[in-house]
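Novice: 3D, please:
(2 chains)
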Amino acid sequence: MNKLSINNLQKKFGSFEAVKKISFSIAENQTVALLGPNGCGKTTTIAMILGLITPTSGSISINNQMLKKDHHYLSKMNFASPYVELPKKLTVLENLKVYAMMYEVPDTKNRIEQLVEELNLAPILNKKTGELSSGQRNRVSLAKSIINNPEILLLDEPTASLDPDTGDFIRTFLENYKKKNSMATLLASHNMDEVSRLSDYVLMMKEGSIIDEGTALNLISKHGKENLEQVFLKLVRQNEN
Amino acid sequence: MKIRRILSLMLRHLYLIKASFPRIIDLIYWPTVQIILWGFVSKFFTMHSTYFNNTAGIILTAAILYDFLFRSSISYNMLFLEEIWSRNLINLFVSPLKISEIVVALTCTALIRTLIGLVPAVLIAIPLFGISLMDLGLPLLLLLLSLYLFGITLGLLVTAGLVRFGPSFENIAWASLFFIAPLGCIYYPVEILPDWLQVVALALPLAHIFEETRSILITNTANYMNIYNALMLNLVYLSIALLTFYRSFKTAKIKGSLINVGE
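Specialist: Next up is the predicted model:
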């Protein structure tokens, strides 16, 4: 069953069409990656799903129910991005308590303890979030994004600017988390290895449209390339000259 | 509306206040300086002006009430600006928090923030200048309620501007109260204004509130009509502010500017 369905979603800013009537769906326990160059409409698409931007036309359905303008599904969704931060002056524990309350998480104490253990947050629990390294901050941000056991998780470049070790920690965590929890994930990333490793299906976006899609392996073989990065470069540079 | 979600946002800001001693000092420092300054001015006028002859502290009382209004409005703006500065706004907007819950949480937290700053200053005024707000009697509660409603109204309008136009609207946040202060007739009677400006001033709740404050202190009797007018005007302005706030969110979502405010 499709957890999230996007149908003919379009966003126009004046005469500029940022997203051009795209359609895709994400099934339960599936991870779909959105790939594309900067400005191709990935962030606008995610923002529309999160209710931050009102679509010009088209619809978003969750569990086959079309969302209204001010949807109330946000308690079952969550989001993480290195470009959106948690309050820096609050400790990690205080931030987790605040967001657990905000998402009305039952048995808050237990849930926070669980996340602290799984994401190895114990040594930094009483540190102010602003004093953490980018890798530690990323782990805290990830903890916030799954604090409500979301049915739909949206990740915008979850490992951007992380060292390979921390990046691998996050990717391994997400792989394991997905095995234990039924969750539909939409991943926007520029890291092709990450996309190949984490996603079940890839959507290639360019200038607001989905120009190709398939599993990472299918796309690689279809375009006769060695890896996803080469496919990405081929598609992005197509018709550029 | 869910109480737990409202409390979560209040908790976030109370943690912030608790985390920083300089922040608490900053909250207390400005109202205290303001009240001490106006306390001495008031004392001087009381000794040398026939108008203030029998009403010690009329200026200081007005200064305290104006500071209450100023702090409540600025507190509201500050709470929202804190979210922008910490780049946390998107986390709030993608959470289940409804706009109405954000408004209630900020309104309650702004009151706590205002009281942290003002209560010590008001208490200092009693032994230092022999002036107590309690001299206003029972109407004090209604006057404070009216001032707080107007402070929140201004806070909502400025926040609506921040949502719609982004952090560049920040300067307006600081200047908002100074724009209308001359029309508030805080330190002088409304009759001082030219006739046409009196009409404008009386269309604001502030003129009624401060007229009534002076009236109580001079005549020792309360004219509840002034208080009623102030409250009614407040309800009108608050409704306009709420509509503007909702409208700005709607427009920001259509124009896509909500993302830029939060990042």
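Novice: what distance do you get for the spatially closest residue to A:Thr108 that is not a sequence neighbour to B:Glu83?
Specialist: Leaving aside its sequence neighbours, A:Thr108 sits nearest to A:Ala100 (C-beta to C-beta, 6 or more residues apart in numbering or on different chains; 4.3 Å). Just so you know, the C-beta spots here come from the backbone N, C-alpha and C atoms, and that holds for glycine as well. Per C-beta to C-beta, to the nearest Å, A:Ala100 is found 18 Å from B:Glu83.
Novice: if we can go back for a sec, contacts only, for the residue nearest to A:Thr108.
Specialist: Residues in contact with A:Ala100, defined by C-beta atoms under 8 Å, 6 or more residues apart in numbering or on different chains, are A:Thr108, A:Arg111, A:Ile112, A:Ile147, A:Asn148.
Novice: give me the distance between the fourth one and B:Lys18.
Specialist: In this structure, A:Ile147 and B:Lys18 are 22 Å apart, going by C-beta to C-beta.
Novice: okay, these two: which has more neighbours?
Specialist: Between A:Ile147 and B:Lys18, counted using other C-beta atoms under 10 Å in any protein chain shown, A:Ile147 has the larger neighbour count: 23 against 13.
Novice: now do that one, the pLDDT please.
Specialist: pLDDT for A:Ile147: 97.
Novice: that one contacts A:Asp107, doesn't it?
Specialist: No - counting by C-beta atoms under 8 Å, A:Ile147 stays clear of A:Asp107, with 11.8 Å between them.
Novice: related to what we said a few turns ago, starting at the chain centroid, how far to the host helix or strand of the residue nearest to A:Thr108?
Specialist: Here A:Ala100 sits within helix A:92-102, counting by DSSP states H and E. Per C-alpha atoms, centre = their mean, to the nearest Å, the displacement of helix A:92-102 from the mean C-alpha position of its chain is 21 Å.
Novice: and the helix or strand just after it, average pLDDT?
Specialist: Using DSSP H and E, the helix or strand that follows helix A:92-102 in sequence is helix A:108-118. Helix A:108-118 carries an average pLDDT of 96.
Novice: next one: stretch B:127-145
Specialist: Stretch B:127-145 comes out at a mean pLDDT of 87.
Novice: show me which positions of it end up buried.
Specialist: Neighbour-count burial for stretch B:127-145 flags B:Phe129, B:Ile131, B:Leu133, B:Leu136, B:Pro139, B:Leu140, B:Leu142, B:Leu143, B:Leu144 (criterion: 16 or more other C-beta atoms under 10 Å in any protein chain shown).
Novice: for the residue in chain B that chain A sits nearest to, what are its contacts?
Specialist: In chain B, no residue comes nearer to chain A than B:Ser8, which is 3.5 Å away by C-beta to the nearest C-beta. Applying C-beta under 8 Å, 6+ apart, we find B:Ser8 in contact with A:Val98, A:Tyr99, A:Met101, A:Met102, B:Leu97, B:Ala105.
Novice: what sits closest to it if chain neighbours are left out?
Specialist: Per C-beta to C-beta, 6+ apart, closest to B:Ser8 is A:Met101, 3.5 Å.
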